[in-house]
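In: Got a predicted model here, sequence first, then my questions.
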Amino acid sequence: MRNFEEQGDLWVGTCFELGTSTFADTLEGVREEVADAVLLQLNEVERLGFMTEYLREHGVAQMSMNFTDTAEPADQWGLLAAAGA
């Protein structure tokens, strides 16, 4: 679950499941920052080799994705919006 709130002149965004938080000047900016931070976090956990354990610890479901084109994705992980998010 993501949360976005205005605090003074800044917007703060948090991904509660992974404990990731960031800020920006605008709501759109903080949405992008949270997405980038989560992707960086997941790619680093994958690089270190403990993704399954990490996701299980945080109660996050892991889903396989198949790419139909021949191009490799830039990152191993993507974000899917949860229902109602």
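Out: Nice, thanks for sending it over. Residues are numbered from 1 along each chain as shown.
In: hey, let's count contacts and neighbours off CA atoms from now on
Out: Fine.
In: so who does the spatially closest residue to Leu10 that is not a sequence neighbour touch?
Out: Excluding its sequence neighbours, the residue lying closest to Leu10 (Cα to Cα, 6 or more residues apart in numbering) is Asp25, at 4.9 Å. Asp25 makes contact with Asp9, Leu10, Trp11, according to Cα atoms under 8 Å, 6 or more residues apart in numbering.
In: buried subset of these?
Out: With burial judged by 16 or more other Cα atoms under 10 Å, the buried subset of the contacts of Asp25 is Trp11.
In: which ones are touching Glu5?
Out: By Cα under 8 Å, 6+ apart, the contact set of Glu5 is Trp11, Val12, Gly13.
In: Would you map the helices across the chain?
Out: For the chain, the helices defined by DSSP state H cover 27-48, 51-57.
In: Outside of the shortest one itself, list whatever touches it.
Out: When contacts are taken as Cα under 8 Å, 6+ apart, the neighbours of helix 51-57 outside the stretch itself are Leu42, Val45, Ala61, Gln62.
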